[in-house]
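# Need coordinates for the below:
(one chain, ligands or ions: 1)
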Amino acid sequence: MEKQSQRPAYLAQNEVEINPLNKTQVENLPEVSKEAQHMGSFDPTKTLKTDATTKIDVQHTNFFYGAKQALYDVSLPIRDRQVTALIGPSGCGKSTFLRTLNRMNDLVPGARVEGLANFDGFNIYDPKTDVVLLRQRIGMVFQRANTFPKSIFENVAYGLKVQGKPQNVIKERVEKSLHGAALWDEVKDRLNTSALGLSGGQQQRLCIARALAVEPEVLLMDEPCSALDPIATLKIEEMITELVKDYTIVIVTHNMQQASRVSHFTGFFLSGKLVEVASTADIFEHPHHKETEDYISGRFG
Ligand SMILES: Nc1ncnc2c1ncn2[C@@H]1O[C@H](COP(=O)(O)OP(=O)(O)OP(=O)(O)O)[C@@H](O)[C@H]1O
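The predicted structure is shown next:
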C-alpha cells in the first residue's frame, strides 16, 4: 500500500517508471524559458551543414509515457559514421529519445510515439517494423554493463547463438568483436573464464563487443561511462573514436568534456525539446540559444 501511494501521479495504473528522478533532481529542473516555449520546433538544417549522409532521419517526434509527454516535436538527422552526442539536464528526454531509435520504449506499458524516423526507407516507429531485426541493425549499450553470468566467450557469442550461426562464424565474430571493443589483448588467454571476473570497464567493453557481434550499423550508447573511472572512460572514448570509422554512434552523456572529445555533432535537449543541434565545435563555442550557453557554461543542470 505504502509503495502504491508513492507512485508519481503521471503514471497510469500499469505503467512502470524506468528512470525515475529523485526529489532533488525534480526540484532543480530548469523552467523552460519564454524563448524556448515560443521557439516552436527547431530546424536542424540551419545548423547541421555536413557532407556526411543521414543514417536515421528523425522528424517531428512526440513521445508520451501514458498522459505525460516526454518529447516535443524533435527533428534530428543522425549522420552516417559520425558520433552524435545528446546532452541536457536530468529528465530532459535524452534517454527517451535514444530509446525511440531502436524501439526500446515499446517495453514500457502505455508508451506512445508519433512522428517519423526514416531508416533505410522505412519508419522505425511503424508498428509493422520488425523490432528484432531493427535491434540487430541498431544495437544498444546501457549505463551499467549487463554482463551475463557466463564465460567471456559466451557473453559475446550470445546473440549469434540466438541467430543460430555456425560455430566457425561464432568463433570468428567473437574475436573480431573483442578486437573492435579493444578488449582482445586483455582477455584472449581467458575466454572461457567467467566474465564476472572482469573489471567494470572491461565488462562495459565486453557488452560493447556483444553488441558488435551481430554486426549492427548503428550503436546507441546510454551514458556508457557513467559507472567508470577516468582511465576506463578514456579507453571507451578511444574505442568510440575507432568504431566510428565503421559505425554510426549516438551517445547520451552528462559529461560535456566527453561530448566535446568524442562527438562530431551535439544536440542539446531541455524539457523534452531539442533546443539545438549543430557541430560539436559550434555548440560549445557559438551556441545559438541562451539555454544552451547557460547549460554548457554550468549555470544549471
Ligand atoms: N517509464 C517512464 N514512465 C513515465 N515517465 C517516464 C518514464 N521514463 C522516463 N520518464 C520521464 O520522462 C522524462 C524524460 O526522461 P529521460 O529518462 O528520457 O530523461 P534523461 O534526459 O535521459 O534523464 P537522465 O539524464 O536523468 O537519464 C522525465 O520526466 C522522466 O521522469
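# show me where the stretch 51-200 of the chain has helices.
Assigned by DSSP state H, counting those that start in this stretch, the helices in the stretch 51-200 of the chain fall at 94-100, 131-137, 152-162, 167-180, 184-187, 200-213.
# contacting residues for the residue nearest to Val214 when sequence neighbours are not counted?
Excluding the flanking residues, the one nearest Val214 by C-beta to C-beta, 6 or more residues apart in numbering is Gly159, at 4.3 Å. Any C-beta I mention is one placed from the backbone N, CA and C, and that applies to glycine too. By C-beta atoms under 8 Å, 6 or more residues apart in numbering, Gly159 lies in contact with Gln136, Arg210, Ala213, Val214.
# Pull the most distant pair out of these.
The two members of the contacts of Gly159 with the most space between them (C-beta to C-beta) are Gln136 and Arg210, at 12.2 Å.
# More neighbours: which of these two?
With neighbours defined as other C-beta atoms under 10 Å, Gln136 and Arg210 compare such that Arg210 has more, 27 against 18.
# Distance-wise, check the nearest residue to the more buried one once chain neighbours are set aside relative to Thr53.
Using C-beta to C-beta, 6+ apart and skipping the chain neighbours, the partner closest in space to Arg210 is Val156 (5.2 Å). Computed as C-beta to C-beta, to the nearest Å, the Val156 to Thr53 distance reads 30 Å.
# Between those two, tell me which one has more neighbours.
Val156 (30 against 12).
# partners of Ala278 in the sheet?
Thr266 (DSSP bridges).
# ok, it - how many residues close by?
22.
# One more: the one 3 residues further on?
Under the neighbour criterion other C-beta under 10 Å, Ala281 is assigned a count of 12.
# still on that earlier bit, how much space separates the residue nearest to Val214 from Glu215?
For Gly159 relative to Glu215 (C-beta to C-beta), the value is 10 Å.
# what about the strands in the stretch 1-150 of the chain?
Ranges of strands in the stretch 1-150 of the chain, per DSSP state E, counting those that start in this stretch, are 54-65, 68-79, 83-87, 111-119, 122-123, 138-141.
# which of those strands is buried the deepest?
strand 83-87 (a mean of 26; mean count of other C-beta atoms under 10 Å).
# contacting residues around stretch 225-240?
83, 143-145, 180-182, 199-202, 204-205, 208, 221, 224, 249, 251, 253-255, 258, 261-262.
# should've said stretch 244-258
55-56, 78-87, 90, 94-95, 98, 101, 180, 216-226, 233, 237, 240, 243, 259, 262-263, 284, 296.
# in that stretch, what counts as buried?
Val244, Tyr247, Thr248, Ile249, Val250, Ile251, Val252, Thr253, Asn255, Met256, Gln258 (16 or more other C-beta atoms under 10 Å).
# hmm, back to that, closest one to the ligand among the helices of the stretch 51-200 of the chain?
Of all the helices of the stretch 51-200 of the chain, it is helix 94-100 that lies closest to the ligand, at 3.2 Å by C-beta to the nearest ligand atom.
# mean confidence score for that closest one?
For helix 94-100, mean pLDDT rounds to 97.
# Report all helices and strands that it contacts.
Using 3 or more C-beta pairs under 8 Å, 6 or more residues apart in numbering; DSSP states H and E, the elements in contact with helix 94-100 are strand 54-65, strand 68-79, strand 83-87, strand 218-222, strand 248-252.
# got JSON lines for the ones you listed, with mean pLDDT and distance to the ligand too?
Converted to JSON lines, the helices and strands packed on helix 94-100 look like this (pLDDT from 0 to 100; distance: least, C-beta to the nearest ligand atom, whole Å):
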{"stretch": "strand 54-65", "mean pLDDT": "96", "distance to the ligand": "3"}
{"stretch": "strand 68-79", "mean pLDDT": "96", "distance to the ligand": "4"}
{"stretch": "strand 83-87", "mean pLDDT": "97", "distance to the ligand": "8"}
{"stretch": "strand 218-222", "mean pLDDT": "97", "distance to the ligand": "8"}
{"stretch": "strand 248-252", "mean pLDDT": "97", "distance to the ligand": "6"}
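# Select, out of those strands, the one closest to Asp106.
strand 54-65 (11.7 Å).
# Partner strands of the closest one and their direction?
Partners of strand 54-65 in its sheet, by DSSP bridges: strand 68-79 (antiparallel), strand 111-119 (antiparallel).
# Please pull out the lowest mean pLDDT helix or strand from this structure.
helix 34-38 (a mean of 36; mean pLDDT, DSSP states H and E).
# hmm, back to that, Gly110 is nearest to which of the helices and strands packed on helix 94-100?
Closest among these, using C-beta to C-beta: strand 54-65, at 6.4 Å.
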